[in-house]
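1. Structure for the following, please:
(one chain, ligands or ions: 1)
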Amino acid sequence: MAKFVLIGSGLAGGLLAAYLGRRGYDVDLYERRADPREGNIVGGRSINLAISNRGIHALEQLGMADEALHHAIPMRGRMIHDKSGALHFSPYDVDPKNCINSIGRSALNTAVIKAAQRYPNVRVYFNHKCTDVDLDSATAHLETSFGAAGSPQDESVRMADGSPANSENRIISAHGDAVIGVDGAFSAVRQSMQMQISGFEYDESYLAHGYKELTIPPGSGGSWQMEKHALHIWPRKSFMMIALPNPDGSFTCTLFWEFEGPRSFAATKTDQDILQFFHDEFPDAIPLMPTLLEDFRQNPTGSLVTIRCAPWHYREKVCILGDAAHAVVPFYGQGMNAAFEDCVVLDECLERFPDNRERAFSEYFSRRKPNTDALADLAISNFIEMRDKTASKMFRAKKKLDHLLEAALPGIYLPLYTMVTFTRIPYAQAARRAQRQDRVLYLTLIAAGIIIVSLLVHLITR
Ligand SMILES: Cc1cc2nc3c(=O)[nH]c(=O)nc-3n(C[C@H](O)[C@H](O)[C@H](O)COP(=O)(O)OP(=O)(O)OC[C@H]3O[C@@H](n4cnc5c(N)ncnc54)[C@H](O)[C@@H]3O)c2cc1C
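-> So this is what the prediction gives:
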């Protein structure tokens, strides 16, 4: 069986290792961080995230959904907080069983790595940072801290000059039949592809907004201080805060705000500035956030990037998956879900072309690329919807109309959010179908308006 070298044991890396392990491949998975089971994973990334149908389906295929979702908290809809503190709940779907689920990043990462390690043909090495990949020989070069738990003593792991790795070495090379980069938005594997593939297409764009995580701690006895089964949103037109529940009764809040400008992260310098901003914009949250000032000062401000590139593979030798291939902004809650869906599709392609890995990689790329491009656009539009439109009565009325039509025309009318979140309809197809539905809906409303006005005119002038 072929040997795969995987770079990055984040959410998608762990899951992909499990898929490849199940298929009988030899897998060496290298991760630059320490073992997440040693409590060292988050490093400024979101503490919790929303998993929905696509991600759950990928876990189910490995029989690990129940275990992974054990502590997840279903969120049935959006809880909108307006400035007066008034709350409006808007369910995600007409079917109350359709929820998104708040899950801890660290717990999920641990679950996928454990699932991979159940296969004896999968080995995981922490504290190994890939510096670059030689595409033609499918060899990854890695910097490592030997002596760290999980360092490879395996024969297959050799120094760049071919000698076995030993405790004095700091750079090793790992060779496989193929290297797969699952090393996130700032992928070293993708960078090597950029440098070594002529005509490699690459585009990255950053939002003018950054994000900062803040905390609402548990109430007395570990209770939740706000509605537990909702994703909370404080929409404020050009910016917003959201909060997702955690199993210990706390909520992780994320403030998405401009980096620069008169009111921005950059302009907020003193404790007084922070308090004034929260007092003006999120007054109902202040009493729930006793560590607001410490959180605001200590937690990093992250950036939000969209990455598009092509191709996603080099012959049968190197491939990229997850954020490494298509990082998207987080406003549709789909980045990880899409990365998990990549694993399912790549697995299907390897099954379909067992003796032609180049064909399998190429099929995977052509099936996924139009869909992740569509998701990138959807995710940016959803930022505008969440931060601005969710506050309006029109938005709530449109959601109600969507749900009425979905109930009245089952299988015919499906709102875009439902298709993206609660089905596995490919993202590009969902986006096209939603556009068609909207056109028909607006034309029907215009036609109905014209008929009503004509009838009224007819009645008045009779
Ligand atoms: C604020 C925020 C909120 C989000 N919320 C959601 C959500 O609700 N739902 C959702 O579906 N998605 C969400 N996402 C997106 C989601 O986090 C990503 O899409 C997902 O983590 C991608 O998984 P990945 O395995 O491709 O990359 P990552 O999770 O980034 O994993 C990459 C791994 O590779 C390792 N690595 C990196 N470089 C190297 C190297 N050189 N050598 C070795 N190892 C390396 C990293 O340490 C890491 O472990 C959110 C993202 C953000 C920023």
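2. what sits against residue 55?
-> 336, 337, 340, 341 (CB atoms under 8 Å, 6 or more residues apart in numbering). C-beta here means a position set from N, CA and C on the backbone, and glycine is covered the same way.
3. Tell me which helix or strand it sits in.
-> Residue 55 is part of helix 53-61, with elements assigned from DSSP states H and E.
4. One more: residue 294?
-> Per DSSP H and E: helix 292-298 holds residue 294.
5. which residues touch that helix?
-> So helix 292-298 is in contact with 212, 213, 214, 215, 268, 271, 274, 275, 278, 286, 289, going by CB under 8 Å, 6+ apart.
6. The ligand contacts on the stretch 151-300 of the chain?
-> 182, 183, 184, 188, 211, 254 (CB under 6 Å from any ligand atom).
7. now, the most widely separated pair of those?
-> 188 and 254 (27.0 Å; CB to CB).
8. from the protein, which residue is nearest to the ligand?
-> residue 10 (1.9 Å; CB to the nearest ligand atom).
9. Tell me who's in contact with that residue.
-> 31, 109, 182, 183, 184, 322, 323.
10. Distance to residue 282 and pLDDT added to the residues you listed, as JSON lines?
-> Formatted as JSON lines, these follow (distance: CB to CB, whole Å; pLDDT from 0 to 100):
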{"residue": "31", "distance to residue 282": "37", "pLDDT": "97"}
{"residue": "109", "distance to residue 282": "30", "pLDDT": "96"}
{"residue": "182", "distance to residue 282": "36", "pLDDT": "98"}
{"residue": "183", "distance to residue 282": "36", "pLDDT": "98"}
{"residue": "184", "distance to residue 282": "30", "pLDDT": "98"}
{"residue": "322", "distance to residue 282": "33", "pLDDT": "98"}
{"residue": "323", "distance to residue 282": "29", "pLDDT": "98"}
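11. Helices along the stretch 51-200 of the chain, start to end?
-> With helices called from DSSP state H, counting those that start in this stretch, the stretch 51-200 of the chain shows them at 53-61, 65-68, 105-117, 188-196.
12. And the stretch 301-450 of the chain, by the same measure?
-> Under DSSP H, counting those that start in this stretch, the stretch 301-450 of the chain gives helices at 323-326, 335-352, 357-387, 393-408, 416-422, 427-461.
13. quick check, distance from the shortest one to the centre of its chain.
-> It stands for helix 323-326. In terms of CA atoms, centre = their mean, to the nearest Å, the centre of helix 323-326 is set 11 Å apart from its chain centre.
14. could I have that helix exported to PDB, CA atoms only?
-> C-alpha atoms of helix 323-326 as PDB (Å, rounded to 0.1, in the frame of the first residue of the first chain):
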ATOM      1  CA  ASP A 323      -7.800  25.700   4.800                       C
ATOM      2  CA  ALA A 324      -4.500  25.000   3.100                       C
ATOM      3  CA  ALA A 325      -6.500  24.900  -0.200                       C
ATOM      4  CA  HIS A 326      -9.400  27.200   0.500                       C
END
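15. what's in contact with it?
-> Here helix 323-326 has contacts from 8, 10, 12, 181-185, 187, 189-190, 307-309, 312, 335, 338-339, 342, 368-369, 372-373, 375-376, using CB under 8 Å, 6+ apart.
16. list the buried ones in it?
-> 323, 324, 325, 326 (16 or more other CB atoms under 10 Å).
17. Skip the chain neighbours and tell me the closest residue to residue 356.
-> residue 316 (7.7 Å; CB to CB, 6 or more residues apart in numbering).
18. quick one on the thing from earlier: tell me the most buried of the helices of the stretch 301-450 of the chain?
-> helix 323-326 (a mean of 28; mean count of other CB atoms under 10 Å).
19. that older thread, tell me which of the helices of the stretch 301-450 of the chain lies nearest to residue 118.
-> Per CB to CB, nearest to residue 118 of the helices of the stretch 301-450 of the chain: helix 335-352, 16.0 Å.
20. What lies in contact with that closest one?
-> By CB under 8 Å, 6+ apart, helix 335-352 touches 11-12, 15-16, 19-20, 23, 49, 51-55, 57-59, 61, 319, 321-323, 325-328, 357, 359-361, 363-364, 367-368, 371-372, 375, 379, 424, 427.
21. between that helix and helix 357-387, how many degrees?
-> 160 degrees (axes from the mean of the first three to the mean of the last three CA atoms, to 10 degrees).
22. Just checking helix 335-352 against the ligand, any contact.
-> Yes. Judged by CB under 6 Å from any ligand atom, helix 335-352 comes into contact with the ligand at 335, 336, 337, 339.
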